[in-house]
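K.L.:
Give me coordinates for this.
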Amino acid sequence: MSIALSLGNNLTTGGIFKPTAVNNTSVNNVTDFAGIAGGGTLVLLSTQTASASANISFTTGIDSTYDEYIFKFINIHLSSGTGIYFTFNLSTDGGSSYNVTKTSTFFRASHTEDDTATSFGYIASGDQAQGTGYQRLLAPLNTANDQSGSGTLHLFAPSSNTFVKHFIARTTAMQQDDLAFDMYVAGYANTTSAINAIDFKFESGNIDDGIIKMYGVVKS
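P.N.:
Numbering: from 1, shown residues only. Below is the predicted model:
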């Protein structure tokens, strides 16, 4: 059984909530909950699927509506090359250029399939110090059919005109040498201009396959 509350004049003296009517209208008839989404709710804004794509860009929907945007990339696969990193960059001009100054940090853990080697440590080649190039996200990939990488990138308050724009990423991949990589990337875009576009690509070669989803996090 499902019920719906008819609020109407439902406050007693003193402001105590008191439902005044109940009926048997099913919640199955509701088509949109967007207006009542609570703080922290994820709203899917866009989905893009790669197919031998040079890059995947999100050039609309990044604005002051949300204070946090989350990008989920799923089974990103390389089309050609060996040992190629998956990367991202940001834009302040709607995607006309992707060259925002960034300072970042990068560390990772790894473990081989045959259990012969493990590692954990800082990766200096993955960081930037006031660099404008693309930021590395996923460990170097190969084109083997079973190799791919997935992860999540958080971008905070991109529309702020006061503060720099922080980002945090956590990714995992089956790397070119048949080992598991667990990668942590964090940093900030050193600009007080609004970030309004983001671009993902491999350092060389196309994105053969994979899905990237962009979510907005509802303000509390």
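K.L.:
How is this structure divided into domains?
P.N.:
Domain assignment for the chain, taken from automatic domain parsing, gives 1-30, 39-217.
K.L.:
Quickly, which of these bottoms out on average pLDDT?
P.N.:
Mean pLDDT is lowest for domain 1-30 among the domains of the chain, at a mean of 47.
K.L.:
Quick one: residues contacting Ala50.
P.N.:
Applying Cβ atoms under 8 Å, 6 or more residues apart in numbering to Ala50 gives the contacts 56, 76, 206-212. Where you see a C-beta, it was placed from the backbone N, CA and C, and this is true even at glycine.
K.L.:
Can you tell me which of those has the most neighbours?
P.N.:
Ile76 (26 neighbours; other Cβ atoms under 10 Å).
K.L.:
does that one sit in a helix or strand, and which one?
P.N.:
For Ile76, the host element (DSSP states H and E) is strand 68-78.
K.L.:
Can you tell me the SS state at Ser125?
P.N.:
Three-state call for Ser125 (DSSP: H, G, I helix; E, B strand; the rest coil): helix.
K.L.:
and the two most separated of the contacts of Ala50?
P.N.:
Asn206 and Ile211 (15.1 Å; Cβ to Cβ).
K.L.:
What pairs with the strand holding Ile76, parallel or antiparallel?
P.N.:
Sheet pairing for strand 68-78, assigned by DSSP bridges, gives strand 149-156 (antiparallel), strand 207-217 (antiparallel).
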